[in-house]
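Asks: model the following, please.
(one chain, ligands or ions: 2)
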Amino acid sequence: MIIKHLPAIFEPARPVLQRIEDAGYEAYFVGGCVRDTVLGDPIHDIDIATSAYPSEIKAIFDRTVDTGIEHGTVMILDHGTGYETTTFRTESGYQDFRRPDNVTFVRSLSEDLKRRDFTINALALKENGEVIDLFNGLEDLKKHLIKAVGNPNERFHEDALRMMRAVRFASKLDFVIATETLTGIKQNADLLGKIAVERIRVEFEKLLMGQNPVAGLSDFLRTGLYRYCPGLANRYDSLSGLLLLNNWQIQNVDQAWAVIVTQLGLNVQETSNFLRQWKTSNELITNVKRMLPVIQELKAQKLSALCLFNAGEKAVQDANQVAKLYGWSIPDEQLKEQYNALPIKSGKELAVNGGTLIKESGIKPGRLLGKILNQLTVEVVNGNLANNKGDLVTEVEKIKKEG
Ligand SMILES: Nc1ccn([C@@H]2O[C@H](COP(=O)(O)OP(=O)(O)OP(=O)(O)O)[C@@H](O)[C@H]2O)c(=O)n1
Ligand SMILES: [Mg+2]
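Replies: Ligands and ions are numbered 1, 2, ... in the order given. Okay, here's the model as predicted:
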């Protein structure tokens, strides 16, 4: 196959490949960028593989950065852009166990491609547009098939994360996992236990945000991969409920996790613990925790002003998106109106603050002050009290008298 017009992102990199070829070596675009080019999908980054050793690349180009030289990766700087090139390599251990990370540099493209995960990811693209397809990747792309290169067991033993990548691609591309590959995942699922949770998380999040999350989740469940994921090991029944959701439209990672914790029926405290096990950021945990009460109130069809106020605009919108999956949502426009109708959107908008109350109402700094401010906020949000200084100070007098 020859691709006549390469997507624009390749253009500035072509002369770089050309120069490597002119020096007598081979150089190709490889991996996801080739797969996505053939599919006509957007390309976010390009990877280059070459027969030249890192030292040889550095001899060809004036400006390079050693970004991962022990793995064979050197960045070539060209006209202000960096291009990562990786020397053809093979996982060895047995061939040359003295090399760091068991990586051996090789001169042949096929040696490099045959240790890649799936046939659709084992395509190489020459600078002139020629696609090198040694493992029937093009046919599998056409058939919408995720198939391990060679023996699935071997591929998954080299890197167990690949099993998560398989289910992620099933969702992301809406492809089917080939039977033998699926069997390989079932047999090796426990190896996922050896993989850092952060790496698993990235794949799981991509799965949840893919084109067909139900397909990916279905594979994630039937292969048993979920057993080796934090907080999911004993939750097969609950997770299976996700397969019944037929209106997935997840727009961000906060929503993705909110779906999972909603499905698992976790409360706010359990959600914190669960997400901490997955090593998500504190920001994500905060966002998801803000969404949960909104989702619950949408479910109960009694969305209150206070709930909207506490969550804030982003969490409110995200929560409605999650609720949509379950048929609990209200029209976005209506929700927006309800939110915009809040008398105040944040505590800072309250017509009095701690300072005012200390000065004008003689309240001492401390717990009581916080409690009173909170009470005022709730009354204003609920529309029981106008947000002006006079009314609020009068209310404070009343609260003081009532003790
Ligand atoms: N565990 C892995 C990870 C990567 N690869 C190979 O390295 C390439 C680049 O990896 P990466 O950028 O992680 O994935 P992509 O396939 O490019 O997918 P994405 O679109 O998410 O970048 C893959 O296509 C594949 O050939 C692999 O064989 N095994
Ligand atoms: Mg990539």
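Asks: what phi and what psi does the backbone show at the residue lying closest to residue 23 once chain neighbours are set aside?
Replies: Excluding the flanking residues, the one nearest residue 23 by CB to CB, 6 or more residues apart in numbering is residue 60, at 4.9 Å. For glycine as for every other residue, the C-beta is placed from the backbone atoms N, C-alpha and C. Backbone torsions of residue 60, given as degrees, to the nearest 10, read phi -80, psi -40.
Asks: and the pLDDT for residue 60?
Replies: Note on residue 60: pLDDT of 97.
Asks: pull the contacting residues for it.
Replies: 19-20, 23, 52 (CB atoms under 8 Å, 6 or more residues apart in numbering).
Asks: could you tell me which of these count as buried?
Replies: Neighbour-count burial (16 or more other CB atoms under 10 Å) is assigned, among the contacts of residue 60, to 19-20, 52.
Asks: using TSV, please lay out the residues you listed together with secondary structure.
Replies: Shown next, in TSV, are these (DSSP: H, G, I helix; E, B strand; the rest coil):
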residue	secondary structure
19	helix
20	helix
52	coil
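Asks: who in the chain is up against ligand 1?
Replies: Within reach of ligand 1 by CB under 6 Å from any ligand atom, the chain has these residues: 31-32, 47, 116-117, 121-122, 159, 161-162, 165.
Asks: nearest to residue 216, of those residues?
Replies: residue 165 (10.8 Å; CB to CB).
Asks: wait, that closest one sits on residue 120?
Replies: No - Residue 165 is beyond contact range of residue 120, at 11.1 Å (criterion: CB atoms under 8 Å).
Asks: show me which of these two is the more surrounded one.
Replies: Higher neighbour count among residue 165 and residue 120: residue 120, with 30 against 20, using other CB atoms under 10 Å.
Asks: any idea how far the more buried one lies from residue 392?
Replies: Separation of residue 120 from residue 392 (CB to CB, to the nearest Å): 64 Å.
Asks: need the pLDDT of residue 370.
Replies: For residue 370, pLDDT reads 93.
Asks: SS state for it?
Replies: Under the three-state scheme (three-state DSSP), residue 370 adopts helix.
Asks: what is the burial count for it?
Replies: Neighbour count of residue 370, defined by other CB under 10 Å: 11.
Asks: in this structure, what residue is nearest ligand 1?
Replies: Closest residue of the chain to ligand 1, CB to the nearest ligand atom: residue 32 (2.2 Å).
Asks: wait, that residue sits on residue 121?
Replies: Yes - here residue 32 lies in contact with residue 121, judged by CB under 8 Å, at a distance of 6.6 Å.
Asks: ok, residue 249 touching residue 324?
Replies: Yes - Residue 249 lies in contact with residue 324 (CB under 8 Å); the separation is 6.8 Å.
Asks: who has more neighbours, the two?
Replies: Neighbour tally, residue 249 and residue 324, criterion other CB under 10 Å: the higher count belongs to residue 324, 19 against 10.
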